[in-house]
Structures are given as structure tokens and as C-alpha cells.
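# I would like the atomic coordinates for the input below:
(chains A and B)
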Number of protein chains: 2
Amino acid sequence: MEVTRKNYKDCLNTVYSAIEEADFLAIDGEFSGISDGPNVSALTNGLDTPEERYTKLKKHSMDFLLFQFGLCTFKYDQAQSKYITKPFNFYIFPKPFNRTSPDIKFICQSSSIDFLASQGFDFNKVFCHGIPYLNQEEEAQLREQTEERRNQHANGVGTPSFISPSSSKGPAHVPEEHKDFINRVIEKVEALFTNAEKTLDLEPCTGFQRKLIYQTLNWKFPKGLHVETVETEKKERYIQVSKVDEEERKRREQQKLEREQEELNDAVGFSRVIHAISKSGKLVVGHNMLLDVMHTIHQFYCPLPEDLQDFKEVTMFHFIFVLQELITNTSLAELEKQLKESPFKSPQVEGFPSYDTAQEQLHEAGYDAYITGLCFISMANYLGSFLTPPKAYISARSKLIEPFFNKLFLMRIIDIPYLNITGPDLQPKRDHVLYVTFPKEWKTSDLYQLFSAFGNIQVSWIDDTSAFVSLSQTDQVQIAMNTSRYAESYRIQTYAEYIQGKQQEKEKLGQTTKTWGEDGWRIFCRYPQFLFILLYVWPNFCSRGLRKRSISPVQGEQGSGEPLITDGWSHYSYPDSTGSKKMKTDGW
Amino acid sequence: MEVTRKNYKDCLNTVYSAIEEADFLAIDGEFSGISDGPNVSALTNGLDTPEERYTKLKKHSMDFLLFQFGLCTFKYDQAQSKYITKPFNFYIFPKPFNRTSPDIKFICQSSSIDFLASQGFDFNKVFCHGIPYLNQEEEAQLREQTEERRNQHANGVGTPSFISPSSSKGPAHVPEEHKDFINRVIEKVEALFTNAEKTLDLEPCTGFQRKLIYQTLNWKFPKGLHVETVETEKKERYIQVSKVDEEERKRREQQKLEREQEELNDAVGFSRVIHAISKSGKLVVGHNMLLDVMHTIHQFYCPLPEDLQDFKEVTMFHFIFVLQELITNTSLAELEKQLKESPFKSPQVEGFPSYDTAQEQLHEAGYDAYITGLCFISMANYLGSFLTPPKAYISARSKLIEPFFNKLFLMRIIDIPYLNITGPDLQPKRDHVLYVTFPKEWKTSDLYQLFSAFGNIQVSWIDDTSAFVSLSQTDQVQIAMNTSRYAESYRIQTYAEYIQGKQQEKEKLGQTTKTWGEDGWRIFCRYPQFLFILLYVWPNFCSRGLRKRSISPVQGEQGSGEPLITDGWSHYSYPDSTGSKKMKTDGW
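Numbering: from 1, shown residues only, chains lettered A, B, ... in the order given. Sure thing, here's the model as predicted:
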């Protein structure tokens, strides 16, 4: 279902009840761009730490607009053994609420816009009919302003765009060249008092002229008139003068205030859907969704916190483990294809204005959310096939899936597959990695040449004058360090030295890095309480020999017959914390 | 005529010849926003100096996109006594030329976008079908790259997206999980050699897989194949393998190079129209066109120079004087209305897909350019009515108009109506102006109270803690200065002191302000040579008593019977320069 400003209010209850009845939700966002700094491959260094990745995305991605939001609700119908799906495709645009409301500026990246254009994206639906939104602070401010205006009104103080002349402050000073114009207005209003018309529409004029009219009428006709500025669809403003008795005047003012209240709810707009998702506590599934989640919080709740730790605390995500030897491509299209083939099974679905998966509509957010949900079902059901006896249907609330909750895929990081929202992050041993600085003329080939004695190396560029070089053997590191000792054009540090240096730099600047559990759980009431799950695949892992996975057929806590899954990251070290309790070694 | 990427190439000659035959051109631009800093009224302080205004616009307006460019050509048909008009409405979008070309980021301002949406603006025409463009440096770079690639080609070095396997560097290292995939490709290619097909389209796959295919085919089949990556409309990339003999291979490579050359011309795109306007040397008319001109130079030529003096040197504009007592509104819609009434006359026009002025299409750039041109004609002809004998038709090349050449309207500056492109700017006496600094809690009412003894004052806010206060009498300045001497919460300086302070600050920073004539005319060949004219009206002047104008009925140089016009800014002082030679006093 396509939802724009035109049909938004009519759809809201349908959306609310779809969320309410759902077993799980899938979401997807389309943005006006990805990076306003380096290009995407430079933005996502393969050896980023989670903190570095978060900081880079926050710095370079948040000024773009999330302008299409896909939501697909999935409800399992036990009787028919099929899922009922309800996909929604929302168009979002920060239409200013009024002339004093925030005038949002956002960046567009030509390549992203061009890509969406090539997929048939309808920009008019965004820019002409997008649903507005407010973040929590803006909403609070606006409610306060409205309240203030209401109070002023109760005290008889009008605003320039809405004055019922009651107090007169003296005659307006009308500049010479406007005198004729104002005199003509006075004549018209005097005629209004004597004729049968109730209302007089003046011609559109400038803001200054409107001000003069207000002041003049205020002075000349202290009673019996209601004066209001009206805007045409084409944004032309004109003044409407009505004959009113005192009762009618009050009724009109009351009407106006009610209209304002409704307009305020309209201004909160799409944020109300996000609030409903958050409040529902339903499992939310996404594909490569770190950016979606960051944008959702940034746009509809509050500016993103400086610190990764604080970001984790404002979000809770879930993570689903997909067997990596079966999935070697992270694009959603490819994922969908593979999940249609054995050992996976396509789920049975039925939905209102359902998408036809044969007629691809990829990169429309609603369709992508729909496909994401289908993929999740296939993966969940596949996990069920390992049970004894096998189960064909695995619910979104199954214990089988829990190990994958609240983990967010970190695209293109070689050795940290996910961001762990509810605990400390994985800390892979990077003792085969060197940090190399060099003159800015150097190219990848220079690095290959420098390390030619060490066989296969992997280069991850940081910027013009530095890169990580991963050696294939850890014991080569010392040799490289020794060799480089007297080099003048370049400099080599171990990864540990590099991290230590960054840490010291931070401390010098008076910043301290928060570690997990330092100040416990700080869920602020102003933050959304999401329950997210991630559809996760990691192609890079295949070549690093991580092929095994283990599912121990242990009874679930509630005797559901479902196994627990261990994820066995035995070559990772965890910082001390309760987060490590799920870790087991299975001999990789 | 609407021009998008779809019909651009077909229209180009029509556009060129319309420019060539025209008597004058009118232009107008629509932007994705106006200010990414303060709101527009704060951006345009009524007491800005021309330097300040230029610097502010450059800083806060240039990251928006000029995405619709209106051009209307006007040619006078002597026989029919009417103008032939040709309006063009170009949609502009910086579609990236290829994956290595600049990926332009631009800002959108919600209020501007929303305003255009309310006027029926078609954003899909911009984003899906906009004509690309390059500035001069980008064009040069791209031509260089193409040249380089061509040379590499001549030397037998291929690029990854276009390899005719000729040199083999050894077998590709195919990771285990891709071996099956690559072996299937090899089988297909082997089959191609034995069957009747000439071409084989492989399935879309990842960039890494494409790389493996190139390397493998390069090694396995050093001769007889042409391998090329092809992109579908939906941006999916797949590899096309063709059987070719050596001759065919060369022919294909040649074809590819020619295609590249044509694509390069397409990438220069809309900039070619701007170059044609510039080269034509025709008079260009605009309405409030400072931003249009700045964007045009910034987007299609080169980043704007730091210094106003340098900006002036890259542009030459013309200025038309409109009798201010007749025109009291700067909006184009209002201007058009007034110029239809006496003493003006609507010109006779005729054009291809002509606009109907009754069916307003304001804020479409092509229509606005058309209306701008009509207004110019009305004004020019009105000047003719002062001749003896009166002339009904005044040509765009008439001496009557020359005094208004190369002057650019400065919107919302109280006492400097225009930016003088070909000479020093007006320096109004601001000896009734005070520069006041105060705590950031102060509001306009606090300033009114502070100066309550001085009668009418005018406040122009600079920022939270400073403003200009214009007194009605110059002799009040000394009293205000004396009174403030011992004040603690606020501080007052004369305008002269303020300017001096800014100057000293600049000098401390090592910046020097260029003055006119310091290094003479420096027209760089890389700069466009525009000949612009401004439709200029200044409503603010009415209340300042500047109502007279004088047209001295003196014979024109070439005996055309047309008068010279003096503009008589007698209360302005000019810095010493040749630019003042047109100034005369007429006793204001």
C-alpha cells in the first residue's frame, strides 16, 4: 500500500492494527544519499573498529534524508499454515509546518538519486506528497508554542496573522505611497458594514501592506470585525474580513485553535508510525540495517549520540545467523534468489495489495521490507529443519532465533561480522595487521612491492597516506617491523601500537572511551525501545576458513523441543562482561 | 519548449540558432534552496556592504542546485512590429558520467522544495531526466582521462571494464567457493567456440566474480574473444563474450572509443548552452538575478572567487532603471501586472509553443524568463516615450539602455540599490547609522527603548548580540555616542568606526581588500564573457524621498535621436575611479 500525505490520515488505523496483530515486522529505508565525505568504499574500511564505523557513518551519512520507509507486517495464520503480509510504502518529506517551524536542509548525492531514478523511483511522491515528521524535541517545542499562543489568546493578545481587533494601539503610520491603497481598503470595509455580504476577500498584497491593513482596521473598527490572513493553494496570501458579533468572533477563534491542534498532530506525522512500531515491542527484521536504524533514530527521535555505547543503549536489535557457506552475496536480490533454492523453502504468503515477487520492484522500500521478511521466514524455518523431529514452521518468538537478536551487520568489516547491541563487541586478534604510513604518492602497487617478500597481503586504505596491511602469517610481523626500523619514506606500527596511539590521543583531548557496563543500562525514556533483528550474511568469511557452525540439540528452556545454537567465535576474545555468557568453543 | 536529457541532443541546434538570431535573451533559474545558514531575512541585512552580501551568498547559497534553467530568446520582427519569442525550459541534474566521475552532493531546503511543489514543479523531470553538465575543470579532467585511456589502448593496456584478452599474466587465483561458478563460465565459452552463436551473455554477477571471469578468460583464451561488461537499464552488470577475429576486435575497440567520445560531449551537456550564451555576446536580461548569475558561474564554469572584485571581473552585467514611483513591488508577478498598465504598454509577441500569460505558469524558469523579457521590452519602450518625437520601439542595443548595463540588483539593501559590475560600488553616507552590541537576551523592543529619545529608528539585526540602528537625524549620533560612554551592558560605535574595525581585522589576518582598478581588468580566458542586464526595481526607495529622475534630451553619439540618461546619485560618494564618469548631479 502506497502511503503519502494525501491518504496518510485515512491509513493510520490500518497501519496501527497491522502492527498490533503482527508476529514480526520487516523494515527498509531509501535515502537521498550514503556518504557526503569519502566514497563508500573509503568510508567502510575493512579493519574499522565498531566505534570507528559508527563515528564515520554518523559524520558522513546523517545529513541525507530517509525519504521512503518500507514496513511489512507478517502474521502467521496457523489454520492455513501461511503468513498474512501487509506491506506499506511510506513517502516521507519534512514539509515545514508553518513559517516559523524548522526548515530542514538535507543533502542529495547524485549517484544515489540517479540509481533510484533508474529503478523508477517517483520523486514527486516524495517532494510533493511526502508525509511530514517531527523529532521529539521539535514536537515538544511546537506543542509549547501552540500552548503559548493559546494562552496569549485567552489574554486577548493576538498574533499578526490572526487578529480580531479588540485593542487599538493608535493609528498606523501609513507611508505616502500606500495611502491610496489603504484608503481603498477602508472604503471597501465601510461598504461591507452597510451591504448584505458577510465576508470580504481583499486582493493579495505584500506582507507590509497586510501589516498596514491589520493596524488600520484595528484602529478604525475596534469592534464587529474578524480579520484573518488566508493562503491560497498557490501560496498567495490575502486578507479576509468578516462581519461578526462577539459570540461569532469567539466561535471563530475557538475553531481556529482546534484547527491548529489538528495541524500539529499532522505535523508529527510519520513519527507516529515509528512510535507505534517502538511501542509494539515486536521483532523488527532488516537487511544490512545499520544505516536504516541510525537514520530512523536520527530523523524521528533525536540527534544520534556521540558515543557508540550510548547509541547501543538507545537501540536493541536482534541478529539472525545465516549459514555462511550457503550465502555468498549480501545483496537483497541475491539473498532472495538463494533462499528460494534448497535447502531453504519459500514460505506461503498472502497479503493485501500483495507484491508479485516475479515482477521485481526491488529498491522500493515497501517491497524490500516484504522480501526481507520472506527471507527471514525461510531462514528461521531452515533452522527448524535441524530439530528432532524437524519443524517446518518456526515462529518469530522461537528460542531458536534468540541468539541472533540485537546484533547488527557491519558491512565490509573483514573480521567483525556484527555490532553487538546488548553487549561488548567482538575483538578479533589483529596481530597479523600492520599500520603503515607513507608519502601520498604511493599506490597499492607500492605497498605490494614493499611487502613482496611476505607472499599474499591484503591492503585496506585508510586515507592518502596510511593503510592497514594484513600479512598472511602473524610471525612475519616482527620481521617486517625489524626491516622497517631504518626506513625513511614509510613507517610501520603493529595494530596494537596503532590502537594504543589513538587511545592516547583521545585521552589527551580529554575524551574517555566508555566500556560496556561502566554505567550500566541507561535507557532514557526519550529513546525508542526497539526490538530489532538483522538478516545477516557475511560473504567475506568464506575465504577465512570459518565454515563450521554448530547447533547443539539441547532442549529449550520451555521444553519446546527447539535446540539452542552456539555461535562459537572461539578465535575472538571478549572483554570481561556478562555479554560473554553465550559464548562456547566448538573447536574451530 | 521543455528540454530534458531525452530530447536535449535533438534540440541543441534549435537552441543555438535561437540564441544566434536573438536581439536579446532573458534567463531565470530555479534552485533547490536559498540559504543553508541563517534564514533569508537574516542573510540579507539591510545595511550589508556589497562585499558582505556577496560573501554571505557565496557561503550560504552555492551548495544548492540550479536545477531548472529558463532561457527565452527575443527577436524583433520589424515588418510585423512584434517580437518573436522562443522560450526554453531546461531541466538540469548532475548525473554522474561514470563510476569515477565526480559524485556531486547538493543541498535541498524543505521550504524551497515545498514551495516549488505547490507550484506544480515536476521533480521527476529533474532527477530522472535532467541534463547533466560539467564545469570547465571537470570537462578538462575528463577529456584528459579519455585521452589517457586511448593512449593506453594504443599500447595494448586494457581497463578492467573493457579487456580484449591479448596479454596473459598467469592463471587467476580463484577462491574455492567460486571454482564451480568459474568452471561453468569456461564450459559456456568453450561451447561458444564450437557453436554457431557469435555472442554469449553471461548472467549478472558480482564485481569480484566479473574480475575472476576477466582474469580467467584472459589466460585461457588469449585470442579470438572480445569480453565486455554491459550494464542493463536497471544497472545490473553482466559480461558479454563475443567471438572475433583480430580485425573485428580492433573495429569494436574503435567503436567503443568513439562511443566514449560522444558520451563525453553528452557529459558536458547543458554547459554547452551556457557557453553559447556567453559566446553570443547578446544582452542577457534577468529579474533579481544576482543569485542566478552566481549559480550559473559556480555550476557551469568554476568555483566562485573569494573576492567580490574578482567576481565582478568574471561577469559583465547591464542594468535597467525602472521608474520607482511606478513600481512598488519586486515580485515578478506584480511587476508584470504593473507593466500591463499605463504608462507602460504590453509588447506584441509571437512565439513557438508560446506561453499564455493569462494561464499563469510562474516559477517555471522558462516562463519566468519569458515574462522577464516582456517586462524589459515594456520598460525599454517606456523610455522611448520620453524622446522627442517619442519612439514606440526601443531596441535592446539602444543607447537609451546603456546606463543600466552591468548593474545587479541588491535585494533588501536599504541604500545601495545595485552591485556595479563594471566599476566601484556606490558608497552611501551611513553617518546616521550606529553599530550596537548588547547581551544576547535583548530583543528589538530593548533597542527601541534604548533609543526612545531619538524618535523613529530603524533596526537591522546582524546577529544575536549586534545590530545596526539607523537614526532619523545625523546630529543625534553624537548625542547617542556621548550617552553610551559609560554604559556597561551595551556598546555603541559609529558606522565609520565599525567599518574601520572590520578593515583592521582583515589586515590582521593578512587579507587585503582589493579596490577597483588596482590590477586593472583581469578577464581570464577561463571566465565567461557575459553581457547581462538587470530588471531592477527598488521599493525601499520610495520612502526615502528619491523620486526624481532625469532624462536629458541630448543627442546620442550616433545621432540616433535617443537621449542619454543620467542617474544622478548625488548623495552618494564614489571612490576615485574611471567608473564615475557617467555620474551627474541633478539637484536631488
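# With residue A:474 as the reference, measure out to residue A:457.
13 Å (Cβ to Cβ, to the nearest Å). All C-beta atoms are positioned from the backbone trio N, CA, C, and that covers glycine.
# which of those two has more neighbours?
The residue with more neighbours, out of residue A:457 and residue A:474, is residue A:457; 18 against 12, by other Cβ atoms under 10 Å in any protein chain shown.
# Which secondary structure element is home to residue A:46?
Residue A:46 belongs to no helix or strand when assigned by DSSP states H and E.
# What pLDDT is listed against it?
Here, the pLDDT recorded for residue A:46 equals 81.
# cool, and the one 5 residues further on?
Confidence per residue is given as pLDDT, and for residue A:51 that number is 89.
# excluding its backbone neighbours, what's nearest it?
residue A:308 (4.8 Å; Cβ to Cβ, 6 or more residues apart in numbering or on different chains).
# so the one you found touches residue A:50, yeah?
Yes. Proximity of residue A:308 to residue A:50 meets the contact threshold set by Cβ atoms under 8 Å, at 6.1 Å.
# Next one: residue A:472 from chain B, what distance?
13 Å (Cβ to the nearest Cβ, to the nearest Å).
# If you could redo that for residue A:384, that was the one I meant.
When residue A:384 is compared with chain B (using Cβ to the nearest Cβ), they lie 26 Å apart.
# just residue A:111 next, same as before
Applying Cβ to the nearest Cβ to residue A:111 and chain B gives a distance of 5 Å.
# Spell out the secondary structure type for residue A:241.
strand (DSSP: H, G, I helix; E, B strand; the rest coil).
# which ones are touching the nearest residue to it once chain neighbours are set aside?
Nearest non-adjacent residue to residue A:241, counting by Cβ to Cβ, 6+ apart: residue A:200, 4.5 Å away. For residue A:200, the contact set (Cβ atoms under 8 Å, 6 or more residues apart in numbering or on different chains) comprises A:188-189, A:192, A:240-242.
# quick one: which of the residues you listed is most hemmed in?
residue A:241 (22 neighbours).
# and the nearest residue to residue A:111 once chain neighbours are set aside, which of the three is it?
Nearest non-adjacent residue to residue A:111, counting by Cβ to Cβ, 6+ apart: residue B:103, 4.6 Å away. Of the three states, residue B:103 takes coil according to three-state DSSP.
# Surely residue B:103 and residue B:97 touch.
No. Between residue B:103 and residue B:97 there is no contact under Cβ under 8 Å: 10.1 Å.
# residue ranges with poor pLDDT in chain A?
Within chain A, the stretches with pLDDT under 70 are A:41, A:152-172, A:316-330, A:351-362, A:510-588.
# Which helix runs longest in it?
Looking across chain A with DSSP state H, the single longest helix is helix A:246-268.
# what's in contact with that helix?
A:9, A:97, A:101, A:132-134, A:139, A:142-143, A:146, A:149-150, A:153, A:162, A:164, A:223, A:226, A:228, A:242, A:244.
# So which of the residues you listed belong to helices?
Short answer: those in helices (DSSP H) are A:9, A:139, A:142-143, A:146, A:149-150, A:153.
# related to what we said a few turns ago, I'd like the distance between the residue nearest to residue A:51 and residue A:482.
For residue A:308 relative to residue A:482 (Cβ to Cβ), the value is 36 Å.
# Settle it for me: which of the two has more neighbours?
Neighbour totals were compared for residue A:308 and residue A:482, and residue A:308 leads with 21 against 10 (other Cβ under 10 Å).
# what's the more buried one in contact with, if anything?
Applying Cβ under 8 Å, 6+ apart, the residues near residue A:308 are A:50-51, A:54-55.
# can I get these in TSV with neighbour count and secondary structure?
Output for those, formatted as TSV (neighbours: other Cβ atoms under 10 Å in any protein chain shown; DSSP: H, G, I helix; E, B strand; the rest coil):
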residue	neighbour count	secondary structure
A:50	22	helix
A:51	17	helix
A:54	24	helix
A:55	16	helix
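# could you pull out the helices for the stretch 251-400 of chain A?
A:271-280, A:290-300, A:308-314, A:332-339, A:365-384 (DSSP state H, counting those that start in this stretch).
# Tell me which of those lies nearest to residue A:73.
Closest of the helices of the stretch 251-400 of chain A to residue A:73 is helix A:365-384, at 8.4 Å (criterion: Cβ to Cβ).
# could you say what helices and strands that closest one packs with?
Packed against helix A:365-384 by the contact rule (3 or more Cβ pairs under 8 Å, 6 or more residues apart in numbering or on different chains; DSSP states H and E) you find strand A:24-31, strand A:66-77, strand A:82-91, strand A:283-287, strand A:317-321, helix A:332-339, strand A:531-536.
# Could you dump these into a markdown table and include distance to chain B and mean neighbour count?
Shown next, in a markdown table, are the helices and strands packed on helix A:365-384 (distance: least, Cβ to the nearest Cβ, whole Å; neighbours: other Cβ atoms under 10 Å in any protein chain shown):
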| stretch | distance to chain B | mean neighbour count |
| --- | --- | --- |
| strand A:24-31 | 12 | 26 |
| strand A:66-77 | 10 | 24 |
| strand A:82-91 | 12 | 24 |
| strand A:283-287 | 16 | 26 |
| strand A:317-321 | 18 | 24 |
| helix A:332-339 | 8 | 18 |
| strand A:531-536 | 18 | 25 |
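# and of those, who's closest to residue A:184?
By Cβ to Cβ (comparing all of the helices and strands packed on helix A:365-384), the closest turns out to be strand A:82-91, at 44.9 Å.
# Partner strands of that closest one and their direction?
strand A:2-3 (parallel), strand A:66-77 (antiparallel), strand A:349-351 (parallel) (DSSP bridges).
# got the ones you listed as TSV, with distance to residue A:92 columns?
Converted to TSV, the strands paired with strand A:82-91 look like this (distance: least, Cβ to Cβ, whole Å):
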stretch	distance to residue A:92
strand A:2-3	10
strand A:66-77	5
strand A:349-351	22
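# Okay, domains of chain A per the record?
A:2-133+A:269-420, A:164-245, A:433-509 (the TED database).
# roughly how far is the second one from the heart of the chain?
Averaging C-alpha coordinates over domain A:164-245 and over its chain gives two centres that are 47 Å apart (Cα atoms, centre = their mean, to the nearest Å).
# repeat for the first one
For domain A:2-133+A:269-420, the distance from its own C-alpha centre to the chain's C-alpha centre is 9 Å (Cα atoms, centre = their mean).
# Straight-line length of it, end to end?
End-to-end distance of domain A:2-133+A:269-420 (Cα to Cα, to the nearest Å): 34 Å.
# so which of the helices of the stretch 251-400 of chain A is the most packed in?
Compared across the helices of the stretch 251-400 of chain A, helix A:365-384 shows the largest average neighbour count, a mean of 25 (mean count of other Cβ atoms under 10 Å in any protein chain shown).
# Now do that helix against strand A:283-287, angle only.
Going by axes from the mean of the first three to the mean of the last three Cα atoms, to 10 degrees, helix A:365-384 is angled at 110 degrees with respect to strand A:283-287.
# Near chain B, which residues of the stretch 1-150 of chain A? Just list them.
A:32-33, A:36, A:39, A:65, A:93-96, A:103-111, A:113-119, A:121-124, A:126-128 (Cβ under 8 Å from any Cβ of the partner chain).
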